[in-house]
Structures are given as C-alpha cells and as structure tokens.
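> fold the following for me, if possible:
(chains A and B)
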Amino acid sequence: MQKEVDIDNDLEDNDLVSRIVETNNTELFGVLYDRHAPKVYNKCLSLLKDPIEAQDLTHDIFVHLFVKLRTFKGNSKFTTWLYSLTYNFCINYIQRDTEKIHKKEEIRDDVMEFSENAVSDAQLYQLRLDKLQRAMEGINPNDKVILIMKYQDDFSIKEIMEALEMNESAVKMRLSRAKTKLLEAYKNLN
Amino acid sequence: MEMENPFKQLLYNEALPEIIKGKVMDDVNLIKLGIDLADLFVIKNPRTIKESLKKPKK
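Numbers count the residues shown, from 1 in each chain, chains lettered A, B, ... in the order given. The predicted model follows:
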C-alpha cells in the first residue's frame, strides 16, 4: 500500500530522488516525471527523429528509471545522470541491429592516431546554424551524442567518462574524432 | 567578444503527449506492486515462504 507522503513540488531533485527511493511513492515519481520528461523526450527526438519512437523510448527510460533510481548516489547533478541514461538508451536502441559495425569502430579507436584539439571550439562556434544542424544529422550517433554532451549539455570530460564508461584518453580521442567528422560532414554539404 | 555556441540553439522543443505519462505511471505502479509483494513475503515475513515450501507431513 502507498504510504502517505507530502507532495512538495519545491524539493530539489536530489532530495526528491531520496524520498522516492525511501518510500517507493509513485506520486512523487510523477513529480520527477513532470519535471524532466519533456527534456528527455526532446533529447530522444534529436537522436531518433521519429516522434513515435522517441515517445516509446521516453516511456521505457522512465519505467527503467523507477527501478534504477536507487543507484543514483548524488555524486553528480541528477540531470547529468539522467541525460547519460537517456543517451545510452538511445544509442543502444539505434545500434540494436548494428552491433558488428559498432565493434569495428571500437577497434579503430585503438589504432587511430589521436591529436587533441585538432578542431578547436572556436572553429565549431563559427559554423552556421542551419548547416550545423544538417551536418549533425549526417554523422554517426556515437559521435553525435558525445558532441551533444560536450557542447549542448556542458558535460565535463569526467562526466562523459562516467556516462560512456570510458577512460579519459578514449573520451578525448572520441571527442576529437567526432569534431573532425562533424567538420568533414559540414564541408561536404552543398 | 565571446563567441556564441551554436549547439545551444539546436535544442528541440516539442511537446510530449500526456498519454505517455499515463502509460509510465501504470507500469511503475505495477512494478511497485511487485516490490511490495516481495517485501511482504520475503523480507517482512520470510516464514510464510518457508512454511509454504515445507513438504506436508504424512
């Protein structure tokens, strides 16, 4: 039976999560949903493009979140943790049929020559918005996600490491490669 | 002058249909029921399980 709890809409995310974990109260979980579902949905939409798929994935992410919530330790901002979960869900969904291609890419990571800052932030900030949008749509979802984490969500390298379960040099290499790929896609646009 | 980050303007802003919340809450309530039942039989009253698994005396 649901324990009676006060629904305080002003609770900070971390406090709200603690109370949900303590009480398993689904009404409190509804408050968390109302706060974050629109953003999660739009993140799914930016990666999947199809609104129905993005809605289904948003549903799956929040159902999974209810179970997974007790593993949130509060070491990072709740939104950073939630968006990491969202991106991983989206990547797994997109790549559910392309596991082999993904493995090939992993191998390439090891042998690819890495030069940090091959493409500077200043170069990226000079890109035209309409062309940037088209270029982002043309690159691999893994590259797209790491660029969104870094330049849209302002994740630190450490936060990206935790989100993607990679070490620091792998993250920097992946980021550098993603920037190069984006710039190539941008230049190839008409 | 600081350069503007164009990635910040790539954000989508579509509305999420209300029906999704209903589906999420239905599933979450079902999971909660499962947790409550497990809690009741396994954690709060493990003897219930123990007794139910005992072979009946002949």
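> which SSE is residue 21 in?
If you meant another chain, say so; for now it's chain A. helix A:13-23 (DSSP states H and E).
> oops, wrong one, chain B.
Going by DSSP H and E, B:K21 is part of helix B:19-38.
> which residues touch the helix holding A:V21?
Identification of contacts with helix A:13-23 by C-beta atoms under 8 Å, 6 or more residues apart in numbering or on different chains yields A:3, A:5, A:11, A:25, A:28-29, A:31-32, A:35, A:69-70, A:72, A:74, A:77-79. Heads up, the C-betas are built off the backbone N, CA and C, glycines and all.
> low-confidence ranges in chain B?
Applying pLDDT under 70 to chain B flags residues B:1-2, B:43-49, B:57-58.
> grab the nearest non-local neighbour of the residue nearest to the spatial centre of it.
The centroid of chain B falls nearest to B:V28 when counting by C-alpha atoms, centre = their mean (4.2 Å). Counting by C-beta to C-beta, 6 or more residues apart in numbering or on different chains, the nearest residue to B:V28 once its immediate chain neighbours are dropped is A:F66, at 4.7 Å.
> before we move on, what SS does the one you found have?
Put simply, A:F66 is helix when judged by DSSP: H, G, I helix; E, B strand; the rest coil.
> that one: how many residues sit nearby?
Using other C-beta atoms under 10 Å in any protein chain shown, the number of residues around A:F66 comes to 22.
> pretty sure it contacts B:I31?
Yes - A:F66 is within contact range of B:I31, at 6.0 Å (criterion: C-beta atoms under 8 Å).
> who in chain B is up against chain A?
B:3-17, B:20-21, B:23-25, B:27-29, B:31-32, B:35-36 (C-beta under 8 Å from any C-beta of the partner chain).
> any quick PyMOL command for the buried ones out of those residues?
Buried members of these, defined by 16 or more other C-beta atoms under 10 Å in any protein chain shown, are picked up in PyMOL with:
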select buried, chain B and resi 6+7+10+16+20+21+23+24+25+27+28+32
